[in-house]
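**Q** Sequence plus the predicted model coming up.
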2 protein chains.
Amino acid sequence: MTRRGLLVVLTGDGKGKSTAAWGMALRAVGRGRDVRVFQFTKASSARLGEYRAFARLGITMDVLGQGFDWDCRSAKHCEQLAGQSWARARAALQSDEPFMVILDDLLYPLRQGWLVLDEVLQSLHSRPAHMHVVVTGRNAPQNLLDLADTVTRMGLTKHHYMQGIAPQRGIED
Amino acid sequence: MTRRGLLVVLTGDGKGKSTAAWGMALRAVGRGRDVRVFQFTKASSARLGEYRAFARLGITMDVLGQGFDWDCRSAKHCEQLAGQSWARARAALQSDEPFMVILDDLLYPLRQGWLVLDEVLQSLHSRPAHMHVVVTGRNAPQNLLDLADTVTRMGLTKHHYMQGIAPQRGIED
């Protein structure tokens, strides 16, 4: 049995992908480890609950959608914003310091074609050997699954939206 | 659309059930809500990372296996310990205060037959209407799934254990 940094992919249509990543961050922080959180989210102002709780734990969530929430004006503009965001995450992947890097909803800009999959895979592959990376999002591409050490597919069996229950503060954000 | 307390079940064989519950706790705590965490875990001393991080956020994890780690001497003894543990969680479900109650690995003592499913379901059903409850564990019984508002099945697509990678501090505990 060996020990090394893991690439964990949390995918599928069910609820729990990002929250499972937050739980992994919580566990690592509780062990005194350095965790970096990048959120490639569509909804910039959402998920404030975890943002505030992470701040109390000394973790800064880097909300990359903030200020433009991916509501970009053209394909070129989207690519430009996504590229700038990715550059910040890539710098963390190239640094020796983080124990864990969380790339939440990275699959969103990838799916839109705003980031180049091969470049992302190359950065993941060439990260320091000790570094754990957690990637979340729907529709993980096969090449990413192949590279991953651990993949969980969150299957949507039942969701309260379907029963007419509205999003609630402290639950959805 | 209505708003009310949800019963969320996180089940399946994949990694991410407990960590998704921790992430939900993190989100709620970040919104200033009162969260109670009960851990019906088999391994009492494990998961120290989240225990410490929760303490920093002012949440006490009630680790119900602690001191005996379900290594009980007889079926009668197991039932007795599980019953005592369940009584503490049930008291939280009957209280008006918590915004969210997490019953981590509750399905373990249920599966062993140490708790009576109908009594557990009755307590979940009759809890205060505003209260969110998160239940985690493998092999959720159908009656629990029927009662739930949201069910995510964490499917094990790939796990690093299978590739000979040992458990690591900050990842598994």
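**A** Arrived safely, thanks for sending.
**Q** contacting residues around the lengthiest helix in chain A?
**A** Longest helix in chain A by number of residues (criterion: DSSP state H): helix A:75-94. With contact meaning Cβ atoms under 8 Å, 6 or more residues apart in numbering or on different chains, helix A:75-94 is reached by A:36, A:38, A:40, A:62, A:64-65, A:68, A:70, A:72, A:98, A:101, A:103, A:106, A:109, A:112-115, A:120, A:123-124, A:127, A:131, A:133. For the C-beta atoms, the positions are set from N, CA and C on the backbone; glycine is no exception.
**Q** those strands in chain A, which residues are they?
**A** All strands of chain A, identified by DSSP state E, fall at A:7-11, A:35-39, A:61-63, A:100-104, A:132-136, A:150-158.
**Q** which one of those has the lowest average pLDDT?
**A** Mean pLDDT is lowest for strand A:61-63 out of these, coming in at a mean of 82.
**Q** Relative to it, what are the paired strands and their orientations?
**A** strand A:35-39 (parallel) (DSSP bridges).
**Q** What is the least confident helix or strand in chain A?
**A** Ranking every helix and strand in chain A by mean pLDDT, DSSP states H and E puts strand A:61-63 at the bottom, with a mean of 82.
**Q** picking up where we left off before, and the angle from the longest helix of chain A to strand A:132-136?
**A** Here helix A:75-94 points in a direction 150 degrees away from that of strand A:132-136 (axes from the mean of the first three to the mean of the last three Cα atoms, to 10 degrees).
**Q** now helix A:75-94, how far from the centre of its chain.
**A** Chain-centre distance of helix A:75-94: 13 Å, with Cα atoms, centre = their mean, to the nearest Å.
**Q** same question for it, mean pLDDT?
**A** What helix A:75-94 shows for mean pLDDT is 90.
**Q** Buried only: go through the contacts of helix A:75-94 for me.
**A** Buried members of the contacts of helix A:75-94, counted by 16 or more other Cβ atoms under 10 Å in any protein chain shown: A:36, A:38, A:40, A:62, A:64-65, A:70, A:72, A:98, A:101, A:103, A:106, A:109, A:114-115, A:120, A:123-124, A:127, A:131, A:133.
**Q** Thanks a lot, catch you later.
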